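*Asks:* No letters, just coordinates:
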């Protein structure tokens, strides 16, 4: 960037740039005006010119790279770039290599990941997952193990290439949880691998079967076929994580989701949760809430109120919320 | 260190926004050039919530801003996010117009900006815009960002676009779709089904089904539904909006869980919180060996909000979580006092505006930790400045106008909308 200007480059001599029209030539007063660097103004004026001509060329491809390096959030330059790549029959693996560098530079960009999805969606180019794909994702997670864009992309990848049972997926999740047992993104991915819908023809649903209108509302969130052994193993996995860090909410939520997917009740963990509240001290506020939910469900109002009252003490930031739960219990028929 | 009576420094905030309005934003904002319509919204609405938009700008300036917004209208209906895709009327044609498309979020923010400025939307291509909108919806009910090559919907399946689409429909259709004979509506029930599918096992809402729950997307989910229920009776019974339903109560629990006294990454030495616990023996023995929960220290006066489970607080999440609770009529479950202290003592900046976290400047665009909200790719502190302030407005902070959580702008703006012809 900067070493050549397009206006003096013979390669661009035949192109008439289209200047930015910010409306400033009339009574118009531009909003959110930015002190654009001159090289950005010039590059984008040439970009408008080649886009207006629908030019599919090497030089246009290079130009998109220059614009992306200054404004990776540009929402049409990426689509234009993808169209050129396919039109010129470019090597998409080379594009992925370039994209890896851009991704590591702009960790929070959203268009980058959508572009990657567009590339990998091409069945002729990628009938199966590229060999280095998950390695690169782990490189991204080494920078930020909770990067939302990368996790969302990985979710798409699993569905696109049907990777729910791929050993690599679970292995990576376990690696990340070992490094940080509080990584809720990794817990969520685990849940999707275990309990996500595998029918890729119909839109998937957040709660299992949520999109199936044939199901009764009370059936929402339950699996049609339940592998009880797998469910037991997942519950055991969550318990181990809780024993390592009892105030970590992720495994408690995970266990709730697992039981729900299996059509099993919270009371199954009454004994386990109870151990965290025995003998005076509270070892986990989430265990107290779990117990309070179980006894409230059974209609043991007094005990539920006592437990929510304990939470008001242990968790004063949510005093108003626990007060709300107490009121709900007291108001229940 | 702790100020016994922290205050909202109105004067400095006014100065901050006026600087953003009337002088060039620094060149670091170039990476957000495509989001200028959003930046304009944060600036104009910021001054409006501070109650000074009319007094600190002249009628000529406001007319000039309105003209710029219409300058961003695409000939075929809808608005572009910035003038940078415009080829000019002479060069635009059927073959190249896909590179200068109307953009769903930009169209929503452009309409809100016009309303904030008091425009009557008479130059909006209302019919064309509403004819375009359903073409940005997919078969699964979700919306994309643009309509791209070959009529394909471009952009992720993402609740942010759903919320902006529902907002466009709300603003331009009005109560009875007056004057819109023959204009097809979006697939409302399809949209509701998609949104419901985004609720995760922990009660929050994710960008797409089965992704991780996130406060920004949770806000988008509920504001979509709220826009829909404001004008159509059949969405009022959606479980997510119905107190007492499992979905609703799980969502409230999740939102309440977002408030946290964990404000920033602890120092390295303190990082090792977990003592090494034996991994053998009975569960009962192992639990017995655990320490008791440490109740919050009495002098913990600040508690902000995070956007996901086990993340640190961030200014903007005081808005995303708070606004959602206001829409659900359950704001009272939060700790207002600690939230106010967090914002005023930790992230309010001396030059006006708010930073993302403690010590972050309000005027600098920088790459930083997590920021998935709205359309931003980097921490962009016009955003934190605006949302920090609006969070305080929800709590009745003196000097701030009441804010409509769904529109994300002053209640005055919504009243103005409701005075327009098709709302009668």
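*Replies:* Looks like it arrived, so ask away. This is a predicted model, so every value here is computed, not measured. Residues are numbered from 1 along each chain as shown, chains lettered A, B, ... in the order given.
*Asks:* how about the nearest residue to residue B:304, chain neighbours excluded?
*Replies:* residue B:313 (3.1 Å; Cβ to Cβ, 6 or more residues apart in numbering or on different chains). Using the backbone N, CA and C atoms, a C-beta is placed for each residue, glycine as well.
*Asks:* what do you get for residue B:115?
*Replies:* residue B:413 (5.0 Å).
*Asks:* Is the residue of the stretch 251-400 of chain B found nearest chain A part of a helix or strand, or is it coil?
*Replies:* Chain A sits closest to residue B:292 of the stretch 251-400 of chain B, with a gap of 3.5 Å, by Cβ to the nearest Cβ. Following DSSP: H, G, I helix; E, B strand; the rest coil, the label given to residue B:292 is coil.
*Asks:* Now the element after the top helix by length along chain A, going C-ward?
*Replies:* Longest helix in chain A by number of residues, with DSSP state H as the criterion: helix A:228-244. Scanning forward in sequence from helix A:228-244 by DSSP states H and E, the next helix or strand is helix A:249-261.
*Asks:* So is that next one next to chain B?
*Replies:* Yes: Helix A:249-261 reaches chain B (Cβ under 8 Å from any Cβ of the partner chain) through A:249, A:250, A:253, A:254, A:256, A:257, A:260, A:261.
*Asks:* Who wins on neighbours among those residues?
*Replies:* For the residues of helix A:249-261 next to chain B, neighbours were counted using other Cβ atoms under 10 Å in any protein chain shown, and residue A:253 has the most, 27 neighbours in all.
*Asks:* how much space between the closest residue to that one other than its chain neighbours and residue B:409?
*Replies:* Nearest non-adjacent residue to residue A:253, counting by Cβ to Cβ, 6+ apart: residue B:202, 3.9 Å away. Applying Cβ to Cβ, to the nearest Å, the value for residue B:202 to residue B:409 is 31 Å.
*Asks:* circling back to that earlier point, pretty sure the residue nearest to residue A:253 contacts residue B:258?
*Replies:* No: assessed by Cβ atoms under 8 Å, residue B:202 is found out of contact with residue B:258, at 11.2 Å.
*Asks:* what is in contact with those two at once?
*Replies:* Residues touching both residue B:202 and residue B:258 by Cβ atoms under 8 Å, 6 or more residues apart in numbering or on different chains: none at all.
*Asks:* List the contacts of stretch A:227-242.
*Replies:* A:177, A:181, A:194, A:248, A:250-252, A:254-255, A:258-259, A:261-262, A:264, A:269, A:272, A:284, B:279, B:283.
*Asks:* Try it again at 7 Å.
*Replies:* For stretch A:227-242, the external contacting residues (Cβ atoms under 7 Å, 6 or more residues apart in numbering or on different chains) are A:181, A:194, A:248, A:251, A:252, A:254, A:255, A:258, A:262, A:272.
*Asks:* Now the two most distant members of the residues you listed.
*Replies:* The largest separation in the contacts of stretch A:227-242, counting by Cβ to Cβ, is between A:181 and A:262 at 22.8 Å.
*Asks:* Now do the contacts for the nearest residue to residue A:275 once chain neighbours are set aside.
*Replies:* Nearest non-adjacent residue to residue A:275, counting by Cβ to Cβ, 6+ apart: residue B:287, 4.4 Å away. Contact analysis of residue B:287 by Cβ under 7 Å, 6+ apart lists A:275, A:276, A:283.
*Asks:* Give the full set of residues in contact with residue B:166.
*Replies:* Residue B:166 sits next to B:191, B:224, B:227, B:228 when contact means Cβ under 7 Å, 6+ apart.
*Asks:* Just give me the closest of the residues of helix A:249-261 next to chain B to chain B.
*Replies:* Looking across the residues of helix A:249-261 next to chain B and measuring by Cβ to the nearest Cβ, the closest to chain B is residue A:257, at 2.8 Å.
*Asks:* And the closest one, how far from residue A:251?
*Replies:* Residue A:257 is 10 Å from residue A:251, by Cβ to Cβ.
*Asks:* do residue A:173 as well
*Replies:* 13 Å.
*Asks:* which one is residue 170 nearest to, not counting chain neighbours?
*Replies:* Let's take chain A. residue A:193 (6.3 Å).
*Asks:* if you could check chain B rather than the one you did, that'd help
*Replies:* Nearest one to residue B:170, counting by Cβ to Cβ, 6+ apart, is residue B:227 at 4.3 Å.
*Asks:* residues of stretch A:134-149 that come out buried?
*Replies:* A:134, A:136, A:137, A:138, A:140, A:141, A:145, A:146, A:147, A:148, A:149 (16 or more other Cβ atoms under 10 Å in any protein chain shown).
*Asks:* again, but for stretch B:75-93
*Replies:* Buried positions in stretch B:75-93, judged by neighbour count with 16+ other Cβ under 10 Å: B:76-87, B:92.
*Asks:* I'd like the average pLDDT over that stretch.
*Replies:* The average pLDDT for stretch B:75-93 rounds to 96.
*Asks:* measure it end to end?
*Replies:* 11 Å (Cα to Cα, to the nearest Å).
*Asks:* coming back round to it: filter the contacts of residue B:287 down to just the ones in helices.
*Replies:* Using DSSP H, none of those sit in helices.
*Asks:* In TSV: these, plus neighbour count.
*Replies:* Shown next, in TSV, are those (neighbours: other Cβ atoms under 10 Å in any protein chain shown):
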residue	neighbour count
A:275	20
A:276	24
A:283	22
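*Asks:* What is the burial count for whichever residue of the stretch 51-200 of chain B sits closest to chain A?
*Replies:* Using Cβ to the nearest Cβ, the single residue of the stretch 51-200 of chain B nearest to chain A is residue B:64, 2.9 Å away. Neighbours of residue B:64 under the rule other Cβ under 10 Å: 19.
*Asks:* While we're on it, how confident is the model there?
*Replies:* 97.
*Asks:* Quickly note the distance from it to residue B:15.
*Replies:* 21 Å.
*Asks:* Residue B:323 is in contact with residue B:405, isn't it?
*Replies:* Yes: using Cβ atoms under 7 Å, residue B:323 is in contact with residue B:405, at 3.9 Å.
*Asks:* Let's verify the closest residue to residue A:27 other than its chain neighbours: helix, strand, or coil?
*Replies:* Spatial nearest neighbour of residue A:27, chain neighbours left out: residue B:64 (5.6 Å); criterion: Cβ to Cβ, 6+ apart. At residue B:64 the chain is in helix, as set by three-state DSSP.
*Asks:* Is it correct that residue B:64 is in contact with residue A:30?
*Replies:* No: the pair residue B:64 / residue A:30 is not scored as a contact, 8.5 Å apart, by Cβ under 7 Å.
*Asks:* Please, where are all the strands along chain A?
*Replies:* With DSSP state E as the criterion, chain A has no strands.
*Asks:* Just give me the residue right at the centre of it.
*Replies:* Nearest to the geometric centre of chain A sits residue A:152, at 3.2 Å (Cα atoms, centre = their mean).
*Asks:* Check what pLDDT it gets.
*Replies:* The model's pLDDT for residue A:152 equals 95.
*Asks:* Thought residue B:210 was touching it, still the case?
*Replies:* No: taking contacts as Cβ under 7 Å, residue A:152 lies outside contact range of residue B:210: 9.8 Å.
*Asks:* burial of the closest residue to chain A within the stretch 151-300 of chain B, as a residue count?
*Replies:* At 2.8 Å from chain A, residue B:201 is the closest residue in the stretch 151-300 of chain B, using Cβ to the nearest Cβ. By the measure other Cβ under 10 Å, the count of residues near residue B:201 is 26.
*Asks:* ok, it to residue A:261 distance?
*Replies:* From residue B:201 to residue A:261 the distance is 8 Å (Cβ to Cβ).
*Asks:* picking up where we left off before, show me what contacts the residue nearest to residue B:170?
*Replies:* Here residue B:227 is in contact with B:166, B:167, B:170, B:406 (criterion: Cβ under 7 Å, 6+ apart).
*Asks:* For the stretch 51-200 of chain B, which segments count as helices?
*Replies:* B:53-56, B:59-71, B:104-116, B:126-132, B:159-173, B:188-197 (DSSP state H, counting those that start in this stretch).
*Asks:* returning to what we had before: quickly name whichever of the buried residues of stretch B:75-93 is closest to residue A:304.
*Replies:* residue B:81 (50.5 Å).
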